[in-house]
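Asks: Sequence and predicted structure, then a few things I'm wondering about:
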Amino acid sequence: MRAADESITPPPFPRNLPWCNVAMLKMHEQRGKVVLVEFWDFCRVNNLRTLPYLKVWHERYAEAGLRIIGVHTGGFPPAREDDNVRRAVERLEIPWPVLIDTNLDVWDLYGNEGWPARYLWTPEHKLFSMHYGEGAYAETEREIQELLGIERDVVEPLRPEDAEDALIAPQTADQPGAYSGPYEAGGVWAVVDGVGAIRVNGEVFDIFEPGAIEVVHHERHTRGELQFEVTEGVVVHATCFTPGLVA
């Protein structure tokens, strides 16, 4: 969504917050670059589904002047521990700077409202566009190209439901804890912590670290029934559902 007010400038990053991949980054030193600020949480499914697009944009446009800056603001308990965030950044092979915003300092400065959220800033540090949630990948890439003065085909949708003309059905709302019962979705994920295992519809998933894992995948929007079991040593914070194409 294009910014309604072209005079909005980015707030500075607080000096006392920890970073991953850099010692510290100052926003005013990024003038002259197109800056994409992405709010995320490594335990949130929609952030993990957005991440591959950010990686492609970084590979395609970093040398041309795009700077991606991740702001990690944890919503689930394991995502509020700095060491877990650092390990997740390494495990997910995120190459750009990530600011750890556990106490919502940057979140509040931006007046942010959810995950994922991306804010695209011009080289003159004026807000160009913003987007909440998944989707609008082709739109965002075209905006990046416009600001960089580049014209090329945008990346093909990485999932069928990401296409701009995709017809998707509403999925079951996310449920707290390990949910058993009926659902409708294209996929099912579990937000987990601890060491042990979970069993979903008879399939066992070993758990070694906090995060979100996909436990059921359908080619299209599907009605199903979940049977969820959790062993000792594992906490399931939420069962999450992702969209699928209408059959």
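Replies: Great, that's in hand.
Asks: What residues of stretch 9-28 count as buried?
Replies: Using 16 or more other C-beta atoms under 10 Å as the test for burial, stretch 9-28 gives 10, 13, 17, 19-20, 25, 27. For every residue, glycine as well, the C-beta is placed using N, CA and C.
Asks: tell me the two of those that are most distant?
Replies: Farthest apart among the buried residues of stretch 9-28 by C-beta to C-beta are 10 and 20. That separation is 19.6 Å.
Asks: before we move on, which element is residue 90 in?
Replies: helix 82-91 (DSSP states H and E).
Asks: What's the mean pLDDT across that helix?
Replies: Helix 82-91 shows an average pLDDT of 97 in the prediction.
Asks: any idea how far it is from the chain center?
Replies: 14 Å (C-alpha atoms, centre = their mean, to the nearest Å).
Asks: For it, which outside residues touch it?
Replies: Helix 82-91 has contacts (C-beta atoms under 8 Å, 6 or more residues apart in numbering) with 18, 20-21, 42, 70, 72, 74, 78-79, 98, 100, 102, 209-211.
Asks: Just give the number of residues close to residue 218.
Replies: By the criterion of other C-beta atoms under 10 Å, residue 218 has 17 neighbours.
Asks: Show me which residues of the helix or strand hosting it are buried.
Replies: According to DSSP H and E, residue 218 maps onto strand 211-226. Neighbour-count burial for strand 211-226 flags 211-216, 218, 221-222, 226 (criterion: 16+ other C-beta under 10 Å).
Asks: quick one: the closest residue to residue 163 other than its chain neighbours and residue 72, what's the gap?
Replies: Nearest residue to residue 163 in three dimensions, chain neighbours excluded: residue 157, at 4.5 Å (C-beta to C-beta, 6 or more residues apart in numbering). Here residue 157 is placed at a distance of 26 Å from residue 72 (C-beta to C-beta, to the nearest Å).
Asks: So for these two, which sits in the more crowded spot?
Replies: residue 72 (28 against 15).
Asks: Quick check: beta-bridge partners of the more buried one?
Replies: Residues in a beta bridge with residue 72, per DSSP bridges, are residue 40, residue 100.
Asks: pretty sure it contacts residue 79?
Replies: Yes. Residue 72 is within contact range of residue 79, at 7.4 Å (criterion: C-beta atoms under 8 Å).
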